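A.B. asks: missing the sequence, but the structure's below:
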């Protein structure tokens, strides 16, 4: 009887040992950088939650830096460097509070959170496009879940989101492989960052390493990466209308917050490489809500989207285009060459 019980215990231990090992690794490594507060984030090789880390930088420095200018939107915000924007907003102290594949629901809650803790919201740029406007719910996976200070959810709920992701074999297998071998493999894409990206902790700006590749190879860069630039349809396309009551109410409440703070808010429709134009009815609604003078539509076919040199690949445009857009938005250029 004793031997049977001992054998049972041994089997139980052997059964849970891998789980305990992984659990210990999770708490020791903190791969998502959410268990502790860090002076410098993005040290983990894992693709972390950009929205969480950006908000962490903001909350850790808001009393010392006294931010008053905010850049919200998806990863295309990398095209706008704080030092470039601050040239147009005297006294502006800017930070980028973006999220990967950001959705309107996340932007809306960040604006509400800023309203609750900020004395001054002097300037705001919000990047929008069809995909962003389509999503009104907040993200609930580890790469998109918002900071607890933004949502008001418990820290337990927040932490469980990351723990569940870690124990998914699609995550822990490549993570453990990389940790043991130190070598990136193709199947690790989406879990392990292939390239180390330079960042500015004060502004949360990011410096894409592809800029160096462009500097090194020049025109050859676009030849080397031509597979990342699909041939564009010669037929000009317009996205379906997407702003419904839910989107309208969120956008209107954000507008009211900006009016309350006297915010100089500019809405920017992304110049996407696919050259699909934002639906005119959506553009009209944005203009009605925020004022036509504050909405800048760079979607569709125009001088910016027609030049492949403005893009790293089909999903992201470069700071050189970001600077041109800032010039257009702040009255330094007479035209943006729209040909749609």
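C.D. replies: Here it is on my side, so go on. In this text the structure is predicted, and so the values were computed from the model without any measurement. Numbers count the residues shown, from 1 in each chain.
A.B. asks: now do the helices in the stretch 1-150 of the chain.
C.D. replies: Under the criterion DSSP state H, counting those that start in this stretch, helices of the stretch 1-150 of the chain are mapped to 2-29, 50-65, 82-85, 104-117, 130-134, 148-151.
A.B. asks: could you tell me the least trusted of these?
C.D. replies: Lowest mean pLDDT within the helices of the stretch 1-150 of the chain: helix 2-29, at a mean of 68.
A.B. asks: the strands in the stretch 51-200 of the chain, which residues?
C.D. replies: With DSSP state E, counting those that start in this stretch as the criterion, the stretch 51-200 of the chain has strands at 69-72, 94-96, 123-128, 198-200.
A.B. asks: name the strands paired with the third one and say parallel or antiparallel.
C.D. replies: I take that to be strand 123-128. Looking at strand 123-128 with DSSP bridges, its partner strands are strand 69-72 (parallel), strand 264-269 (parallel).
A.B. asks: the last one too?
C.D. replies: Using DSSP bridges, the neighbouring strands of strand 198-200 in the sheet come out as strand 205-207 (antiparallel).
A.B. asks: what residues does the partner strand touch?
C.D. replies: By C-beta atoms under 8 Å, 6 or more residues apart in numbering, the surrounding residues in contact with strand 205-207 are 78, 81-83, 96, 197-200. For the C-beta atoms, the positions are set from N, CA and C on the backbone; glycine is no exception.
A.B. asks: returning to what we had before: would you list the strands of the stretch 51-200 of the chain in CSV and tack on mean pLDDT and distance to residue 146?
C.D. replies: Below are the strands of the stretch 51-200 of the chain laid out as CSV (pLDDT from 0 to 100; distance: least, C-beta to C-beta, whole Å):
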stretch, mean pLDDT, distance to residue 146
strand 69-72, 97, 12
strand 94-96, 96, 15
strand 123-128, 97, 16
strand 198-200, 84, 20
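A.B. asks: which among the strands paired with strand 123-128 is found nearest to residue 187?
C.D. replies: strand 69-72 (33.1 Å; C-beta to C-beta).
A.B. asks: what residues does the closest one touch?
C.D. replies: 77, 80, 82, 85-86, 89, 92-98, 102, 107, 110-111, 114, 121-127.
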